[in-house]
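Asks: output the structure for:
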Amino acid sequence: MRPTPFSEAFPAHTPAAAQVFTIVLSHGPLTRAEIARRAALSPAAVTKAVRPLIETGYLVEDVDGESRPVLGRPANPVRVAGGRALFIGVKVTGDEVIAVLTDLCCRIRVARHTPLGDRRPAGVLATLSDLAFELLIEAEEFGVSVRGVGIAVSGDVDRAEGMVRYSPFLEWRDVPLAHLAAMTIGLPVTVDNDVRALTGAEQWFGAGVGLSDFALVTVGAGIGCGLVVGGRVVSGAHGVAGEIGHLSLDPAGPRCHCGNRGCVEAIASESAIVRDVRAETGRDVADAAEALELAHRGDPGARKVYARAGAVIGRAIGSVVNLLGPERVIISGEGLAAYDLFAEQIKGAFADSAFGTAARCDLRTHPLPFEAWARGAAATAIQSFIRSDAPKEQG
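Replies: Below you'll find the predicted structure:
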């Protein structure tokens, strides 16, 4: 029998309380004085925000540790009780669904993978719901309820509406995925673009912690970019901010699936690389792994293709840095398996295209397992729970 989940409201009834909790989640343990400095709040406001969070078990005061002196009296740091709540994150690809069960600090407790045989919305919904129910059963062993579900999908996703507007890999248009999944699973569901979800996870829990302005560029099946500007993940007025994969850098280049020519994705995605390696070498290369192996064996045609892809990615990153001036660009994705083949070209093209002091931007590679994408989806559920902005549909 499938468990019947229920929802619990997060006890942060003001924006200040949510802000305080988020600061402790990303930077804690922290004393109340340190929280006040980071949040630009008065000590009284911090105390008011912290009290109900401690009373309900979401924050814990470390009274056994060595207290820090503040104005002549000890101050105990507070930290998030990660085991207080659980969340499910689901990443949907064109051929697989990955689901994870995480705690409140977005640490993965359980992970599941299953092939995706039917890409139609009903088929995907059935597969991800089955995985979610498996994880709900797993959650019972922890004795803690699951508070929300996050789903990450590539393409144009309207998080506020819970709508997948267009996903090229799934061939979806206007699918109300959050509503459908919430009605099936019986929990609040947040749906977001996969790169944006991963960016949010890195902002709160990963390589972007403490940065107010950074970009996350993902290289692999597609070329994506998540943006954090002024401390907020940017989606733009139409939800497609950061789509560097569809910057047209060569008007005479290959046709992209979006309809334009010479897009970054049409030159540097895995499918584009496989296509071009076949053309350059005359070999019947089956997939990205085979193309990569050929290049690593020193085939000049294959290496030329990867070098061209790296140069295009570097120019695209330069465009992002020139426009937004981030402190750091994090490069990740499954395509990092080929990083040794195009790292020099990425860095060189970036240096050539970055304007002035923008070239000081810290380019950093950050390999992530594929389950990190599902963890990113779980992070969106955690964020919605804390900020109470999850869609209201629920079974």
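Asks: make it CA atoms for all contacts and neighbour counts henceforth
Replies: Fine.
Asks: got the contact list for the helix or strand hosting Arg51?
Replies: Applying DSSP states H and E as the criterion places Arg51 in helix 43-55. Helix 43-55 is contacted from outside by 11-12, 16-17, 20-21, 32-33, 35-36, 59-61, using CA atoms under 8 Å, 6 or more residues apart in numbering.
Asks: give me the next element, helix or strand, following the helix or strand containing Gly224.
Replies: Assigned by DSSP H and E, Gly224 falls within strand 223-229. If you walk from strand 223-229 toward the C-terminus, the next helix or strand you reach (DSSP H and E) is strand 232-234.
Asks: returning to what we had before: helices or strands up against the strand holding Gly224?
Replies: With contacts taken as 3 or more CA pairs under 8 Å, 6 or more residues apart in numbering; DSSP states H and E, strand 223-229 sits against helix 194-205, strand 214-219, strand 232-234, helix 264-268.
Asks: dump the ones you listed into JSON lines; add mean neighbour count, mean pLDDT and distance to Arg364 as well.
Replies: Output for the helices and strands packed on strand 223-229, formatted as JSON lines (neighbours: other CA atoms under 10 Å; pLDDT from 0 to 100; distance: least, CA to CA, whole Å):
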{"stretch": "helix 194-205", "mean neighbour count": "26", "mean pLDDT": "94", "distance to Arg364": "13"}
{"stretch": "strand 214-219", "mean neighbour count": "27", "mean pLDDT": "96", "distance to Arg364": "10"}
{"stretch": "strand 232-234", "mean neighbour count": "17", "mean pLDDT": "91", "distance to Arg364": "19"}
{"stretch": "helix 264-268", "mean neighbour count": "30", "mean pLDDT": "95", "distance to Arg364": "19"}
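Asks: CSV for those, including distance to Gly310?
Replies: Listed next are the helices and strands packed on strand 223-229 as CSV, based on distance: least, CA to CA, whole Å:
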stretch, distance to Gly310
helix 194-205, 20
strand 214-219, 10
strand 232-234, 25
helix 264-268, 7
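Asks: how about those, which one is nearest Cys105?
Replies: helix 194-205 (7.7 Å; CA to CA).
Asks: so what angle separates the directions of the closest one and strand 214-219?
Replies: Counting by axes from the mean of the first three to the mean of the last three CA atoms, to 10 degrees, helix 194-205 points 140 degrees away from the direction of strand 214-219.
Asks: tell me what helix 194-205 is packed against?
Replies: Going by 3+ CA pairs under 8 Å, 6+ apart, helix 194-205 lies up against helix 15-27, strand 146-153, strand 214-219, strand 223-229, strand 232-234, helix 371-387.
Asks: out of those, which comes closest to Ala288?
Replies: Closest to Ala288 of these is strand 214-219 (CA to CA; 12.4 Å).
Asks: contacts only, for Val124.
Replies: By CA under 8 Å, 6+ apart, Val124 lies in contact with Leu116, Asp118.
Asks: and it, what helix or strand is that in?
Replies: Here Val124 sits within helix 121-140, counting by DSSP H and E.
Asks: now do that helix and strand 146-153, the angle between them.
Replies: Interaxial angle, helix 121-140 versus strand 146-153 (the same axes, to 10 degrees): 140 degrees.
Asks: with only the CA atoms kept, save helix 121-140 in CSV.
Replies: Below are the C-alpha coordinates for helix 121-140, written out as CSV (Å, rounded to 0.1, in the frame of the first residue of the first chain):
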residue,chain,number,x,y,z
PRO,A,121,3.7,13.1,-20.1
ALA,A,122,1.6,10.2,-18.9
GLY,A,123,4.5,7.8,-19.2
VAL,A,124,6.9,10.2,-17.4
LEU,A,125,4.4,10.9,-14.7
ALA,A,126,3.9,7.2,-14.0
THR,A,127,7.7,6.6,-13.8
LEU,A,128,8.5,9.5,-11.6
SER,A,129,5.5,8.8,-9.3
ASP,A,130,6.6,5.2,-8.9
LEU,A,131,10.0,6.4,-7.9
ALA,A,132,8.6,9.0,-5.5
PHE,A,133,6.4,6.4,-3.8
GLU,A,134,9.5,4.1,-3.4
LEU,A,135,11.3,7.0,-1.7
LEU,A,136,8.3,7.7,0.5
ILE,A,137,8.5,4.2,1.8
GLU,A,138,12.3,4.6,2.3
ALA,A,139,11.5,7.8,4.3
GLU,A,140,9.5,5.8,6.8
